[in-house]
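A.B. asks: Whatever this is, show me its structure:
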Amino acid sequence: MRSKLVRYSMAVAAVLLTTVTNGMAGGGTFTRGCAARDFQVMMMLEASNVSTQQMDSAMHTILHARVMCFGGQVMDALALYDNVAQSINSDYVLSGRP
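C.D. replies: Alright, predicted model coming up:
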């Protein structure tokens, strides 16, 4: 289930990235930055062992970050991605994994 959700989200991100980079001159660098961070965080989520509630919260935040990226609020969106990544890493460290 989670893997299917992650693959779907990555597909949506790829389609949106293609649309934005083809439709906006000059905005490609920032939107590529958002897409790269989105991909990193999605891979972290897939590799982590978070609860369903944590996954839902993370996905909600990621979708919000995507909307912000495409609205031109790149720095704020990247901060949201960082919050999700930090949350995943915190759970990883607190679980006692090496």
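A.B. asks: same for the strand or helix carrying Gln54, what does it pack against?
C.D. replies: Gln54 is located in helix 52-70, with elements delineated by DSSP states H and E. Identification of packing neighbours for helix 52-70 by 3 or more C-beta pairs under 8 Å, 6 or more residues apart in numbering; DSSP states H and E yields helix 2-23, helix 28-47, helix 74-94. Just so you know, the C-beta spots here come from the backbone N, C-alpha and C atoms, and that holds for glycine as well.
A.B. asks: Point out where the protein drops to low pLDDT.
C.D. replies: By pLDDT under 70, the low-scoring segments of the chain are 1-30, 91-98.
A.B. asks: Tell me which residues of the helix holding Gln54 come out buried.
C.D. replies: For helix 52-70, burial by neighbour count (16 or more other C-beta atoms under 10 Å) applies to Gln54, Met55, Ala58, Met59, Thr61, Ile62, Ala65, Arg66, Met68, Cys69, Phe70.
A.B. asks: for stretch 72-83, same thing?
C.D. replies: Those would be Gln73, Val74, Ala77, Leu78, Leu80, Tyr81, for stretch 72-83 by 16+ other C-beta under 10 Å.
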